[in-house]
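Peer 1: Just to be clear, the model below is a prediction. Sequence and coordinates:
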Amino acid sequence: SQQGEEDPQALSIQEGENATMNCSYKTSINNLQWYRQNSGRGLVHLILIRSNEREKHSGRLRVTLDTSKKSSSLLITASRAADTASYFCATDASGNEKLTFGTGTRLTIIP
Amino acid sequence: KAGVTQTPRYLIKTRGQQVTLSCSPISGHRSVSWYQQTPGQGLQFLFEYFSETQRNKGNFPGRFSGRQFSNSRSEMNVSTLELGDSALYLCASTDGNTGELFFGEGSRLTVL
């Protein structure tokens, strides 16, 4: 079963706009990671945020984590056509090295 | 350094057959995880190996098995294939310092 649920399931925006995806999870975590997957390919790690961090930046990516609400958001600024992909959050529950993935958000950037 | 390598990339089997998939992790990574990805169920954790020992196991039937060798290479086996086993099987090795997973391109299995 999925630990995380992404919202929305699908998102289409114009190139240049910002895209925001949300992830909710169920149990206490050590850290939360975001991954990108281009169609039918392997996943690529984007960013990791630890449970004691609230915000993290990497290039055009901004991730926030609210452990009290058990939720995280991924913001992609100034979107590009190459950002078209599925985005997954993944968590490792405290005391368990297993990484569990959410259901994913399918992002489409319209040129 | 080389990434995670999975073989074969594509394969077609018929019901009742068995299949073995192979994964070579990034050099120095000792943990290898396997995931099944289908449109209906998303990414489902199969198992994780660390230093030749299964450390975690997902909720899959006993037809799904795996192993890890002393060089950290891993294999997974599915016996008595069913139509529902058609999926993309992804292998990932873990950077022990950061917890980041590095994925291979996957093995796409079609069961007819």
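Peer 2: Cool, got the structure. Numbering: from 1, shown residues only, chains lettered A, B, ... in the order given.
Peer 1: Just the element for the spatially most central residue of chain B, please.
Peer 2: Central residue of chain B (CA atoms, centre = their mean): B:Trp34, 3.4 Å from the mean position. For B:Trp34, the host element (DSSP states H and E) is strand B:31-38.
Peer 1: for the helix or strand that comes right after that strand, which positions count as buried?
Peer 2: Once the chain leaves strand B:31-38, the next helix or strand it forms, by DSSP H and E, is strand B:42-50. Using 16 or more other CB atoms under 10 Å in any protein chain shown as the test for burial, strand B:42-50 gives B:Gly42, B:Leu43, B:Gln44, B:Phe45, B:Leu46, B:Phe47, B:Glu48, B:Tyr49, B:Phe50. From N, CA and C alone the C-beta is placed, and that goes for glycine too.
Peer 1: near chain A, from the residues you listed?
Peer 2: B:Gly42, B:Leu43, B:Phe45, B:Glu48, B:Phe50 (CB under 8 Å from any CB of the partner chain).
Peer 1: closest to chain A among these?
Peer 2: Among these, B:Leu43 lies closest to chain A (CB to the nearest CB), at 4.0 Å.
Peer 1: In contact with the closest one, which residues?
Peer 2: A:Phe88, A:Phe101, A:Gly104, B:Tyr35, B:Gln36, B:Gln37, B:Leu90 (CB atoms under 8 Å, 6 or more residues apart in numbering or on different chains).
Peer 1: does A:Ala82 count as helix, strand or coil?
Peer 2: helix (DSSP: H, G, I helix; E, B strand; the rest coil).
Peer 1: Would you mind measuring from it to chain B?
Peer 2: Separation of A:Ala82 from chain B (CB to the nearest CB, to the nearest Å): 18 Å.
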